[in-house]
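Kindly generate the corresponding structure for this input.
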Amino acid sequence: MTDIENINESIFESIKHINEHGQEYWTARELQPVLEYTKWENFKVAITRAMEACKSSKIKDSDHFAEVRKMVTIGSGAKRELEDYHLSRYACYLIAMNGDPRKKAIALAQTYFAVKTRQQELIEHYEDLSEDQKRLAIRQEMKNHNKALADAAHDAGVITGRDYAAFQDSGYMGLYGGLRAKDIHERKGLKPSQKILDHMGSTELAANLFRATQTEEKLRRDHVKGKENANKTHFGVGKKVRQTIQELGGTMPEDLPTPDKSIQQIERAQKKQLKKD
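Presented below is the predicted three-dimensional model:
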């Protein structure tokens, strides 16, 4: 990704919420300034257009645009009711597509939500995907779960950057038979700026995703405390995943081939295809 694409993604990810059912959503009031709308009335027009587009596609708009009301305090100390919406990723995509195309933020949102919506579709139809599509889907899941894993590790006592590097190495060492992240990086012949997760096939990514999700759950379930214990937990889960692969007669992750194309190259090709479509 270019710098502007990274900024774009971080902006929209920073205002994303997760409800009690584990579903992601954005609030219209938080999305409004990001899309450079100064007045709610003008933004409401884009929302209404998006809802109409949703209906015309034979999709139930209430599944994607949930109207909510909340009480806010105004200057005098009195309270008034404020209109808002909880929006799905698809709803945000439709709003961006029905927004003012002259706004740079709208163009960025169109790209971001188009790609992310497509990635979600890929995840839901995983069995029908090509290898490149599987890599994209799992890599996105890996990004999400690595954030959750980092939070769980922090709660356990993994605080500094050095602590977290050691914590990550522990997981890799368990899964890769003693290899650290640096060793895997060198084994794949990557440049210093390249990330190992962006140069894994779907099978290798899936093993790492399982390592990440199970470590996060175990850290929280067992109320692990202390960075040394967190490292041991990560190593143990990684080792158990490796053991399972071995028992099933699978190829060890360090022996799996490195794909010719990186995740970024696949994403760029996907964006070009989206623009053509």
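
helices or strands next to the longest helix seen in the chain in the packing?
Counting residues, the longest helix found in the chain (DSSP state H) is helix 131-156. Of the remaining helices and strands, those touching helix 131-156 by 3 or more C-beta pairs under 8 Å, 6 or more residues apart in numbering; DSSP states H and E are helix 104-124, helix 161-175, helix 202-221, helix 227-247, helix 263-276. From N, CA and C alone the C-beta is placed, and that goes for glycine too.

any chance of those helices in JSON lines, plus distance to A28 and mean neighbour count?
Written out in JSON lines, the entries for the helices and strands packed on helix 131-156 read as follows (distance: least, C-beta to C-beta, whole Å; neighbours: other C-beta atoms under 10 Å):
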{"stretch": "helix 104-124", "distance to A28": "13", "mean neighbour count": "18"}
{"stretch": "helix 161-175", "distance to A28": "35", "mean neighbour count": "20"}
{"stretch": "helix 202-221", "distance to A28": "31", "mean neighbour count": "20"}
{"stretch": "helix 227-247", "distance to A28": "39", "mean neighbour count": "19"}
{"stretch": "helix 263-276", "distance to A28": "24", "mean neighbour count": "14"}
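
looking at those, which has the lowest confidence?
Lowest mean pLDDT within these: helix 104-124, a mean of 70.

per-residue pLDDT, the residue lying closest to A230 once chain neighbours are set aside?
Using C-beta to C-beta, 6 or more residues apart in numbering and skipping the chain neighbours, the partner closest in space to A230 is A156 (4.1 Å). According to the prediction, A156 has pLDDT 96.

again with E9
Model confidence at E9, expressed as pLDDT, equals 61.

contact partners of stretch 231-247?
Applying C-beta atoms under 8 Å, 6 or more residues apart in numbering, the set of residues contacting stretch 231-247 from outside is 153, 156, 158, 166-168, 170-177, 207, 210-211, 214-215, 218-219, 222, 224, 251-253.
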